[in-house]
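Engineer: From the sequence below, what's the structure:
(one chain, ligands or ions: 1)
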Amino acid sequence: MSKAAWHAYNTYRKGVSYRSQLSVTAALLNAQREDILAFQREQLTKLLRHAYQTTPYYRELLKTESAHISQIPTLEKRNIREQLEHLCSKAIPQARRIKNATGGSTGAPLTFYQDRNYWNQRNLSVYYFDRWAGWNFGERQLIIWGALSDVENNQDWKHQLNNFWRNHHWLNGFHLTDAAMWTTFRKMDRCHPQTILAYPSSLYQFAAFLFENGLAPKWDLKGIITSAEMLHSHYRSLTETVFGTKIYNRYGGREVGLIAMECAAGRMHINCHDLYLEIDSPNPYTTPGDILITQLNNYAMPFIRYRIGDIGRLSDEVCPCGNQLPILAELLGRSTATFRTRTDTLIHGGYFTQQFYNVIGLEQFQLIQESLKHCVLKVVVNAQWTEAARRYMVQKIQGALGADVIVTVQFVEEIPLPTSGKREFTISKVGVGRND
Ligand SMILES: [Zn+2]
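Structural biologist: Purely as a prediction, here's the structure:
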């Protein structure tokens with residue numbers, strides 16, 4: 001019943017059948033590489049013309065309506081803070097702008113505008129790509145979500161109704177207690193969700209809880225979609241073992257929508273229908289750099305070469321899965337989590353997470369690079385913690401950042417989650433991403 005109801009509800013809301021719109025999106029995303037790139041170029045030309053003709057910011061910056069994308073200065077978060085109104089299109093009335101904001105896990109929250117068309121297309125892309133993980137309209141899904149605002153908003157009747165249509169069940173990743181995890185597992189055991197959508201760190205916590213208690217799903221779970229945080233390799237291996245299914249990692253941002261999605265062959269395909277992705281690096285195929293996104297559907301406020309704050313690298317391989325969308329080879333996490341050494345080497349935050357996740361006695365950690373010479377290591381430990389563990393961690397940090405780097409170890413009761421719910425294991429105050 002739920003699947004049919006969901007279609008009827010959406011058709012009523014949008015006026016046109018979602019299914020037919022989705023098939024148009026799917027046709028493009030399943031097309032040959034040259035057709036995908038031709039469509040993308042066409043969309044890009046239209047967007048640049050629109051930006052030049054209708055936004056004061058780009059009128060001033062571009063000087064001509066036929067500017068080449070590679071010549072356009074990058075859009076930084078500070079530009080959005082300072083020039084918000086000038087970035088908005090005069091062709092879209094204020095009443096048709098939809099306000100949105102990032103959670104502000106690092107730095108202050110960022111406010112911006114989107115339009116209906118952007119949201120419509122964003123949802124279509126999510127529907128298209130989530131089907132790679134076995135998801136389908138109206139089928140049961142367990143959502144383990146960490147963003148406090150999303151979970152709280154979810155309490156009102158509109159969201160409750162939406163959850164009913166969409167057959168969603170929520171577990172609050174922000175307060176993941178043993179009791180909540182027990183209840184959720186029992187509920188899952190009764191209603192057999194086909195897919196899970198989760199924050200990686202909350203999912204990992206849930207998987208570890210099930211593992212420790214000898215629990216495992218006894219039904220066929222089609223797939224797990226992770227989003228919003230770094231998916232560390234130890235998260236993936238434990239979760240895939242406990243749930244007996246594959247994780248499909250989804251990469252996106254509130255500012256620009258779904259950026260890339262992992263396929264059955266384990267590659268991240270770029271969503272060329274909705275955006276144009278560049279890497280700010282001398283060679284994007286060999287040297288990782290900042291990811292720049294041009295959003296192709298948001299005419300209320302064009303994002304052109306927007307520095308989203310993550311580091312990645314491209315690949316030119318043809319994916320064995322058969323899909324011809326270009327591939328994001330590496331996603332190395334937040335640039336604000338990336339450390340810089342005195343010899344200008346970059347150490348991605350995931351390195352430390354990988355070294356420390358199985359240190360005995362360590363419950364949680366957070367490593368903060370205060371300066372090139374000084375780091376603070378916050379640890380939450382249990383009774384099994386030893387002096388040897390402390391020495392091991394300090395040595396690993398000094399091994400990566402320099403033997404003379406001072407590491408101050410602080411024992412704390414807890415490391416609070418930011419309201420975004422995104423766990424931050426590493427924060428650098430001297431890295432590459434401090435320009436916002
Ligand atoms: Zn693939």
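
Engineer: nearest residue to D316 other than its sequence neighbours?
Structural biologist: Here the nearest residue to D316 in space, its sequence neighbours aside, is Y285; by C-beta to C-beta, 6 or more residues apart in numbering that works out to 5.9 Å. All C-beta spots, glycine's among them, are computed from the backbone N, C-alpha and C.

Engineer: element containing the one you found?
Structural biologist: When elements are defined using DSSP states H and E, Y285 is found to belong to no helix and no strand.

Engineer: any idea how far it is from the ion?
Structural biologist: 17 Å (C-beta to the ion, to the nearest Å).

Engineer: and that residue, how far is that from L328?
Structural biologist: For Y285, the distance to L328 (C-beta to C-beta, to the nearest Å) stands at 11 Å.

Engineer: now W119
Structural biologist: Taking C-beta to C-beta, one finds W119 at 23 Å from L328.

Engineer: picking up where we left off before, the residue nearest to D316 touches L314, doesn't it?
Structural biologist: Yes. The pair Y285 / L314 is scored as a contact, 5.3 Å apart, by C-beta atoms under 8 Å.

Engineer: Just say helix, strand or coil for whichever residue of the stretch 1-150 of the chain sits closest to the ion.
Structural biologist: For the stretch 1-150 of the chain and the ion, the shortest gap (C-beta to the ion) falls at W132, measuring 8.6 Å. Recorded secondary structure, W132: helix (DSSP: H, G, I helix; E, B strand; the rest coil).

Engineer: count of residues packed around it?
Structural biologist: By the measure other C-beta atoms under 10 Å, the count of residues near W132 is 18.

Engineer: now it: how far from Q40?
Structural biologist: Distance, W132 to Q40, by C-beta to C-beta: 20 Å.

Engineer: Need the residues touching each of Y285 and L314.
Structural biologist: Common neighbours of Y285 and L314 (criterion: C-beta atoms under 8 Å, 6 or more residues apart in numbering): A329.

Engineer: Which one's more surrounded, these two?
Structural biologist: For Y285 versus L314, neighbours defined as other C-beta under 10 Å are more numerous around L314 (22 against 12).

Engineer: so when I look at that one, I'm seeing a strand, right?
Structural biologist: Yes. L314: assigned to a strand according to three-state DSSP.

Engineer: wait, isn't it in contact with L328?
Structural biologist: Yes. Between L314 and L328 there is a contact under C-beta under 8 Å: 6.5 Å.

Engineer: Give me the more crowded residue out of W119 and L328.
Structural biologist: Set W119 next to L328 and count neighbours by other C-beta under 10 Å: L328 wins out with 23 against 15.

Engineer: any idea of the mean pLDDT in the helix ranked longest in the chain?
Structural biologist: Secondary structure assigned by DSSP state H gives helix 33-54 as the longest helix of the chain. Averaging pLDDT along helix 33-54 yields 97.

Engineer: in that helix, what counts as buried?
Structural biologist: Going by neighbour count (16 or more other C-beta atoms under 10 Å), the buried part of helix 33-54 is 36-37, 39-40, 43-44, 47-48, 50-52, 54.

Engineer: Same list (the residues you listed) but as JSON lines, adding distance to N136.
Structural biologist: Converted to JSON lines, those look like this (distance: C-beta to C-beta, whole Å):
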{"residue": "I36", "distance to N136": "24"}
{"residue": "L37", "distance to N136": "29"}
{"residue": "F39", "distance to N136": "26"}
{"residue": "Q40", "distance to N136": "27"}
{"residue": "Q43", "distance to N136": "28"}
{"residue": "L44", "distance to N136": "32"}
{"residue": "L47", "distance to N136": "32"}
{"residue": "L48", "distance to N136": "37"}
{"residue": "H50", "distance to N136": "35"}
{"residue": "A51", "distance to N136": "37"}
{"residue": "Y52", "distance to N136": "41"}
{"residue": "T54", "distance to N136": "39"}
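
Engineer: which stretches of the stretch 151-300 of the chain form strands?
Structural biologist: For the stretch 151-300 of the chain, applying DSSP state E, counting those that start in this stretch gives strands covering 168-172, 195-198, 223-226, 247-253, 257-262, 268-270, 275-280, 289-295.

Engineer: Tell me if I am right that V380 is in a strand.
Structural biologist: Yes. Membership of V380 in a strand is supported by three-state DSSP.

Engineer: Contact partners for it?
Structural biologist: So V380 contacts 362-365, 411-415 (C-beta under 8 Å, 6+ apart).

Engineer: Just among those, which is most surrounded?
Structural biologist: Neighbour max across the contacts of V380 (other C-beta under 10 Å) = F365, 21 neighbours.

Engineer: beta partners for that residue?
Structural biologist: V379 (DSSP bridges).

Engineer: That one touches K378, doesn't it?
Structural biologist: Yes. If you go by C-beta under 8 Å, F365 and K378 touch, sitting 6.5 Å apart.

Engineer: Pull up the overlap in contacts between the two.
Structural biologist: Contacts common to F365 and K378, judged by C-beta under 8 Å, 6+ apart, are I415.

Engineer: follow-up on the earlier one: quick check: neighbours shared by Y285 and L328?
Structural biologist: Residues touching both Y285 and L328 by C-beta under 8 Å, 6+ apart: 313-315.

Engineer: Tell me the one among these nearest to L401.
Structural biologist: Using C-beta to C-beta, R313 comes nearest to L401 of these, at 22.2 Å.

Engineer: Residues of the protein that sit close to the ion?
Structural biologist: Listed as neighbours of the ion in the chain under the rule C-beta under 5 Å from the ion: 263, 265, 267, 319, 321, 323.

Engineer: Tell me both backbone torsions, phi and psi, for the fifth one.
Structural biologist: Listed backbone geometry of C321 is phi -70, psi -20, with angles given as degrees, to the nearest 10.

Engineer: What count of nearby residues applies to it?
Structural biologist: Using other C-beta under 10 Å, C321 has 15 neighbouring residues.
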